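**Q** dropping a prediction and its sequence here:
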Amino acid sequence: MVVGDYRGLFVVIATSAATLIGLLFVAMSVSKGRSQAHPQVIREFRAAAALLAFTNPFTVSMFGLVPGTNIGYPAAIVGVIGLTFAAAGIRATISLPSRLRHVRPQIALIVALLVIFGLQIVFGVELIVQPHHSGDLATVGDLLVASILVGIGRAWELVGDWDTGLVSSIGFLIGHTPPSQGIADQEQPQASESITEPESAGGREQ
């Protein structure tokens, strides 16, 4: 059980994660924005990654607050689940056609998940061996906060029209077209064709 100064931290983490999980379900039900810029398999993986990134801190924090529970066990177990999920993402990415603009952000997400869940397993095992080691507990707390931040970034992709990532921001500064603008430019000619087509048909009838 988490006691002392860390108890308040894990209470906040659990509360924040629970709130974000609820908002994620709402976002997934109404999302029609940037998520359409990626192939379906990537959209599904990134949505699932957001859910896992939120359920990870929620699960670990909640079990850590249960009296008599060593937080190292849920941290290590959820870490193994997260690594398995990331491995599945690697296989899904390899099966995609060679499209750099889709694969590159996918790889960045998978690397972030591998780092978070890999370190979570390591420090979770350390806490199992040494339950009262405050340094390992602080590191687990940092990893759970990082997991929430990763989940927020992935959830924004479901509803946002602007990529807030550092790479995308730098790309826009040097003149690259934002993904949302590229989609809009592709959809505009289709809309104009649907409008002009009846007019041309009417002209032929006359």
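**A** Alright, I've got the coordinates.

**Q** contacting residues around residue 11?
**A** Residue 11 sits next to 61, 65 when contact means Cβ atoms under 8 Å, 6 or more residues apart in numbering. Just so you know, the C-beta spots here come from the backbone N, C-alpha and C atoms, and that holds for glycine as well.

**Q** state the distance from it to residue 40.
**A** Residue 11 is 38 Å from residue 40, where distance means Cβ to Cβ, to the nearest Å.

**Q** top helix in the chain by residue count?
**A** Secondary structure of the chain per DSSP state H: the longest helix is helix 100-129.

**Q** and the next element down the chain from it?
**A** Note on helix 100-129: by DSSP states H and E, the next helix or strand toward the C-terminus is helix 134-159.

**Q** now for that following helix, which elements pack on it?
**A** Other helices and strands packing on helix 134-159, by 3 or more Cβ pairs under 8 Å, 6 or more residues apart in numbering; DSSP states H and E, are helix 5-30, helix 40-65, helix 72-94, helix 100-129.

**Q** now for the closest residue to residue 90 other than its chain neighbours, how many residues are close by?
**A** Nearest residue to residue 90, sequence neighbours excluded (Cβ to Cβ, 6 or more residues apart in numbering): residue 110, at 5.8 Å. Taking other Cβ atoms under 10 Å as the criterion, the count of residues near residue 110 is 20.

**Q** ok, now residue 94?
**A** Neighbourhood size, residue 94 [other Cβ under 10 Å]: 8.

**Q** any chance of the helices and strands packed on helix 134-159 in CSV, plus mean pLDDT?
**A** Formatted as CSV, the helices and strands packed on helix 134-159 follow (pLDDT from 0 to 100):
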stretch, mean pLDDT
helix 5-30, 88
helix 40-65, 89
helix 72-94, 91
helix 100-129, 87
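
**Q** now distance to residue 139 too, for these, in a markdown table please.
**A** Below are the helices and strands packed on helix 134-159 laid out as a markdown table (distance: least, Cβ to Cβ, whole Å):
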| stretch | distance to residue 139 |
| --- | --- |
| helix 5-30 | 11 |
| helix 40-65 | 12 |
| helix 72-94 | 10 |
| helix 100-129 | 5 |
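
**Q** tell me which of the ones you listed sits most buried.
**A** For these, the largest average neighbour count (mean count of other Cβ atoms under 10 Å) is found in helix 40-65, namely a mean of 21.

**Q** which residues are in contact with stretch 108-117?
**A** By Cβ under 8 Å, 6+ apart, the list of residues contacting stretch 108-117 from outside reads 46, 49, 52-53, 56, 78-83, 85-86, 89-90, 93, 143, 146-147, 150, 154, 167.
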